[in-house]
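Chemist: Give me a model of this one.
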Amino acid sequence: MIPEKIEKPLFFHSFLIAALLFAVLFYSGIVKMTDKHPYTALISLSDTKKIEAVVCAAPAKSASGRFYLAECALRSVFGEFNHHESRSSASGRITVFVPAEIAESLFPGKLCKNPVYLDAGETVLFTGSAGEGGTFFADDVQCKGFFGAFGAVNAVRAACRLQFRRLLYSWREAGGLLLALITGCREYLEVRTGEAFRGAGVSHILAISGMHLVFISGNIALVLYTLAGKRFKLLLLLAVQFLFVWFAGISPSLFRALLCSMLSIMSAFCYKKIRHRLDFLALAFLVHAIIFPSHLFQISFVFSYAACAGIFAFADLFEQKMTAICPPALSANIALSASAQTFTLPISALVFRSLVPFALFASVALSPLVSVFMIVGVIAIMLCLMLPMLSPFFGVIIGALYKTIFFTATFFSGLPAIHF
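Modeler: Model prediction:
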């Protein structure tokens, strides 16, 4: 038997080993992912001209910016069957490519004769043609409405999310960066801003955007600390986090943050101290892969878990080393930035074919700025949604912070890098 006071060796960390083994097998291509929701209908997808489906989640903008990718649950399809125009019930999920001008029809500054929310829970009729790999390219989109037990709730959510977008749109480039930091969605993020972060070697800052969930929960905890007992407070915090993720939309970084927070709250609820944070992150990784296997293909998913793994594994060690030569505030910032890049830097070099020698300095400079920007932005959003007349005032503040971040990232991205 192993005494309780002795640190357990690595082979006792079953979740960590399982996560590492799964990652190696999956990303090496040894293990292939099977389609959990295959297309099933009497009419083949190649002969389908229209599909009626329910949008599963808010669509994400493609890299080219020409389309929005919407994952939809099929209800029925229309097309040619036995040389006749027919309709067939259908099941499974399909990715629909929707032209940007249609998906953005209700966005501020956009005009379209057939506006659609194109948000989770909406039943939509797509007209177009099938593409490769079980995809569908839509030429026209008609909204059928929100139905079912949660139809009214989903409709209210879509309307509130639209109002949220309009507020961020009024803040222009700053709103796009704020949306990326809060929700992990980069549909409004300026191309030059994303390139500046990538050129500076700090893409992981956007990938760990789910850390704002801790900020929101912490503030709620302060309010509820004297109003409720510990267990009730933790349950309420968990409910608030679920509600926030449901409203903001499920992105890889945000869902990762929710899973880690859930495990932390469950541990505190059971009066169990977290001793091995990497085990909790590994468990979150495995659960995440089971629930949303499509996230495994997104670079934000990889960066999010890699950055958190580096922080959990090395942040304390780096901070101890830096405290001896730096002030506590600076040593903590350097330790956090350096530990996050221990795993993200090799991945970034492999994916983007470049190595940024000054990435650590860029991260140290940008991390505090981004934290302040995010905190001010969240407060501004809450106040402006209640008092819209404050939007121009906060727009100036948010814009000034954004310019500081952008110019800092641009400066570091202009420094020499190694390309291969």
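Chemist: For the rest of this, base every contact and every neighbour count on C-alpha atoms.
Modeler: OK.
Chemist: and stretch 36-50, which residues are buried?
Modeler: 39-41, 43, 45, 48-50 (16 or more other Cα atoms under 10 Å).
Chemist: Same question for stretch 378-398.
Modeler: Buried residues in stretch 378-398 (16+ other Cα under 10 Å): 378, 380-381, 384, 391, 394-395, 397-398.
Chemist: Which secondary structure element of this structure has the lowest mean pLDDT?
Modeler: Of the helices and strands making up the chain, the lowest-confidence element is helix 212-224, at a mean of 59, by mean pLDDT, DSSP states H and E.
Chemist: one step back: mind checking which of the buried residues of stretch 378-398 land in strands?
Modeler: Among the buried residues of stretch 378-398, DSSP state E puts none in strands.
Chemist: Which one of those residues is nearest to Val54?
Modeler: Among the buried residues of stretch 378-398, Ile381 lies closest to Val54 (Cα to Cα), at 29.6 Å.
Chemist: per-residue confidence at that closest one?
Modeler: Ile381 is assigned 86 on the pLDDT scale.
Chemist: Compute the distance between it and Ile30, please.
Modeler: As judged by Cα to Cα, to the nearest Å, Ile381 and Ile30 stand 45 Å apart.
Chemist: and if you look at Pro59?
Modeler: From Pro59 to Ile30 the distance is 30 Å (Cα to Cα).
Chemist: The two: who's more crowded?
Modeler: Using other Cα atoms under 10 Å as the criterion, Pro59 and Ile30 rank with Pro59 on top: 24 against 10.
Chemist: Which residue is the nearest non-sequential neighbour of the more buried one?
Modeler: Distance criterion Cα to Cα, 6 or more residues apart in numbering; nearest residue to Pro59, sequence neighbours excluded, is Ala70 at 4.3 Å.
Chemist: Name the SS class of that neighbour, please.
Modeler: Of the three states, Ala70 takes strand according to DSSP: H, G, I helix; E, B strand; the rest coil.
Chemist: Verify the stated contact: it with Val96.
Modeler: Yes: Ala70 lies in contact with Val96 (Cα atoms under 8 Å); the separation is 5.2 Å.
Chemist: Quick one: the strands in the stretch 101-250 of the chain, in order.
Modeler: Remark: strands assigned in the stretch 101-250 of the chain by DSSP state E, counting those that start in this stretch are 122-130, 135-146.
Chemist: CA atoms only: put the longest one into PDB for me.
Modeler: Just to be clear, that refers to strand 135-146. The C-alpha coordinates for strand 135-146 follow below in PDB (Å, rounded to 0.1, in the frame of the first residue of the first chain):
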ATOM      1  CA  THR A 135     -22.600  18.800 -46.600                       C
ATOM      2  CA  PHE A 136     -25.300  21.000 -48.200                       C
ATOM      3  CA  PHE A 137     -24.800  24.400 -49.900                       C
ATOM      4  CA  ALA A 138     -27.800  26.700 -49.500                       C
ATOM      5  CA  ASP A 139     -28.900  29.200 -52.100                       C
ATOM      6  CA  ASP A 140     -32.000  30.300 -50.200                       C
ATOM      7  CA  VAL A 141     -33.100  30.100 -46.600                       C
ATOM      8  CA  GLN A 142     -36.700  30.400 -45.300                       C
ATOM      9  CA  CYS A 143     -37.500  30.600 -41.600                       C
ATOM     10  CA  LYS A 144     -40.300  28.300 -40.400                       C
ATOM     11  CA  GLY A 145     -40.200  29.400 -36.800                       C
ATOM     12  CA  PHE A 146     -39.400  28.100 -33.400                       C
END
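Chemist: Fine, thanks again, bye for now.
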